[in-house]
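K.L.:
any chance you can model this:
(one chain, ligands or ions: 1)
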Amino acid sequence: MTLDIKGFQKIDLLNYEPYASATIFLSKCNFHCPFCHNPELVLRHDKIKTIPELEIIDILKKRVEWYDGICITGGEPTLHDELPFFIKKIKEMNLLVKMDTNGSNYGMIEQLIKEKVVDYISMDIKAPLEKYDKVTQVKTDIDAIKKSVEIIKNSVIDYAFRTTVIPFYHKEEDMIKIGELLKGSKRFIIQQFRNNRPMLNNSFMKKEKYTLEQLEKFKKILGPYFDEVLIKNT
Ligand code: SF4
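P.N.:
Alright, predicted model coming up:
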């Protein structure tokens, strides 16, 4: 069985800063966040041609000197049982591996950390726990989210938790609840909502975003809970 790879970005200087990486996009997701910028991977992945795993490995091997690492994103990468086998092939090239996840499959996260094949995990925190179903638009396994947080927080690898903040969903008091959920963690990223590009529910393109001033205010609120809080405005 090979991994269902649906996209490959040969050079990515933003996803795994300060490293030069390639990004691999995997199919499907168990959440339906209306503001998702990869709706094809979530809703219509069956219609997208799969890129053979060997083709990707071959490209990476031929240009390995270009790269410091590889980013694996989606969709939701942890839904793919084949993922550990694929990542091991990447690690054989001595490349760093960053994975994005929604935290719904703590078993896979734990396995990858234990097997020492992932160097950085970026986990989305969609909202305070009681608002998860509203944001993900599915019945979310909250215990799984909590377990993923604990596994990542207590691991030795580098990591960040990240929330895309949208006035429609996230209020000031939610920042405190998110801080309480994650307190003692290394890094938190406040991701600006990008309402200028297509998403899973395009009616969200009409939704307001917070001003930078407001994001700075959130940063102050969240500061005491983390070693580092960053705002990502891209
Ligand atoms: S934003 Fe992430 S978690 Fe949400 S639907 Fe898209 S891929 Fe899934």
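K.L.:
quick one: distance of the helix or strand where I70 lies to the chain centre.
P.N.:
Assessed by DSSP states H and E, I70 sits inside strand 69-73. Its chain's average C-alpha position is 10 Å from that of strand 69-73, according to Cα atoms, centre = their mean, to the nearest Å.
K.L.:
quick one: list the elements packing against that strand.
P.N.:
strand 21-26, helix 83-91, strand 96-101 (3 or more Cβ pairs under 8 Å, 6 or more residues apart in numbering; DSSP states H and E). Any C-beta I mention is one placed from the backbone N, CA and C, and that applies to glycine too.
K.L.:
packing partners for the first one?
P.N.:
What that stands for is strand 21-26. Looks like strand 21-26 contacts strand 5-12, helix 53-62, strand 69-73 (3+ Cβ pairs under 8 Å, 6+ apart).
K.L.:
ok, which of these comes nearest the ligand?
P.N.:
Closest to the ligand of the helices and strands packed on strand 21-26 is strand 69-73 (Cβ to the nearest ligand atom; 7.9 Å).
K.L.:
just want the angle from that closest one to strand 96-101.
P.N.:
Strand 69-73 and strand 96-101 are oriented at 10 degrees to each other (axes from the mean of the first three to the mean of the last three Cα atoms, to 10 degrees).
K.L.:
does strand 69-73 come close to the ligand?
P.N.:
No: judged by Cβ under 6 Å from any ligand atom, strand 69-73 and the ligand are separated, with a smallest distance of 7.9 Å.
K.L.:
now do the contacts for V229.
P.N.:
R187, F188, I189, I190, K219, L222, G223 (Cβ atoms under 8 Å, 6 or more residues apart in numbering).
K.L.:
how much space separates it from the ligand?
P.N.:
Going from V229 to the ligand by Cβ to the nearest ligand atom, to the nearest Å gives 21 Å.
K.L.:
can you start the count at 13 instead of 1 from here on
P.N.:
Okay, using 13 as the starting number, the last item reads as V241.
K.L.:
can you report how many residues neighbour the closest residue to M13 other than its chain neighbours?
P.N.:
Among residues not flanking M13 along the chain, E94 sits closest, at 5.1 Å (Cβ to Cβ, 6 or more residues apart in numbering). Look at E94: counted by other Cβ atoms under 10 Å, it has 14 neighbours.
K.L.:
R209 now?
P.N.:
Look at R209: counted by other Cβ under 10 Å, it has 8 neighbours.
K.L.:
element containing it, please.
P.N.:
Per DSSP H and E, there is no helix or strand for R209.
K.L.:
tell me who's in contact with it.
P.N.:
Neighbours of R209 in contact, by Cβ under 8 Å, 6+ apart: H49, M217.
K.L.:
repeat for G191
P.N.:
F200, I233, L234, P236, Y237, F238.
K.L.:
how far does stretch 100-119 sit from its chain's centre?
P.N.:
From the chain centre to the centre of stretch 100-119 is a distance of 11 Å (Cα atoms, centre = their mean).
K.L.:
isn't S33 up against I84?
P.N.:
No: if you go by Cβ atoms under 8 Å, S33 and I84 don't touch, sitting 9.9 Å apart.
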